[in-house]
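Peer 1: no FASTA, just this:
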């Protein structure tokens, strides 16, 4: 489902973000991408949804050679991948419901289908009682759930979560991680970037550990 073959990313000719990274991720896996701040976790995730290009090497995602992907094909490709960010990236002037609906409206989904999808995802994440609330009226954990709802509402094959618990307290972090585990249990491939080794050990899932721009551990 995701293949990196000797991938390197170099910025401004001499700043190496990733070097000679190789790994395969199969359909339905849950994989933690671990490393300290600045290790290259975000760069790796960005290359999966083609928001960043490798300097060297080859990447295949969903049987698609990303180097061969044409610019006009990128939006359709990205609809198959959900992305959750550490800072939520919610629209502050829109309600919870409107934030999630926006992800469907930009793809010209019929209004009836939008309503159906909204009901399903908000009920699943236990957010339906707050659908008219604005982001500033929600806790950090609730805002991250909204971000997850927005990423899931288009039924992605892959969910990328970039430090989704980085700004949350311990209880909210555990709640969000359990949501991602459940999403994976239902069949979605999940990659979660985190600097918390203790969290990874607790969850007992596969870990790709990045240090000095390279993957030093895959277990």
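Peer 2: Nice, I can see it. Every value quoted in this text rests on a predicted model; they were computed, and no experiment measured them.
Peer 1: averaged pLDDT, whatever helix or strand residue 74 lives in. What do you get?
Peer 2: Here residue 74 sits within helix 74-78, counting by DSSP states H and E. Taken as a whole, helix 74-78 carries a mean pLDDT of 92.
Peer 1: please apply the same query to stretch 145-152.
Peer 2: 93.
Peer 1: which other residues reach it?
Peer 2: Stretch 145-152 is contacted from outside by 82-85, 88-90, 96, 99-100, 102-103, 121-122, 125-127, 135, 138, 159, 161, 164, 176, 179-180, 183, 188, using Cβ atoms under 8 Å, 6 or more residues apart in numbering. Heads up, the C-betas are built off the backbone N, CA and C, glycines and all.
Peer 1: which outside residues touch the helix or strand of the chain with the lowest mean pLDDT?
Peer 2: When the helices and strands of the chain are scored by mean pLDDT, DSSP states H and E, helix 197-203 comes last with a mean of 83. Here helix 197-203 makes contact (Cβ under 8 Å, 6+ apart) with 32, 34, 165, 173, 177, 181, 194, 207.
Peer 1: for the helix or strand following the helix holding residue 74, packing partners?
Peer 2: Once helix 74-78 ends, the next helix or strand along the chain (criterion: DSSP H and E) is strand 81-84. With contacts defined as 3 or more Cβ pairs under 8 Å, 6 or more residues apart in numbering; DSSP states H and E, strand 81-84 has these neighbours: helix 140-152, strand 158-162.
Peer 1: may I have the strands that pair with strand 81-84, each with its orientation?
Peer 2: Within its sheet, strand 81-84 is paired with strand 158-162 (parallel), according to DSSP bridges.
Peer 1: let me see the contact set for the most centrally placed residue in the chain.
Peer 2: Closest to where the C-alpha atoms of the chain average out (Cα atoms, centre = their mean) is residue 160, at 1.8 Å. Taking Cβ under 8 Å, 6+ apart as the criterion, residue 160 is in contact with 45, 48-49, 81-84, 191, 193.
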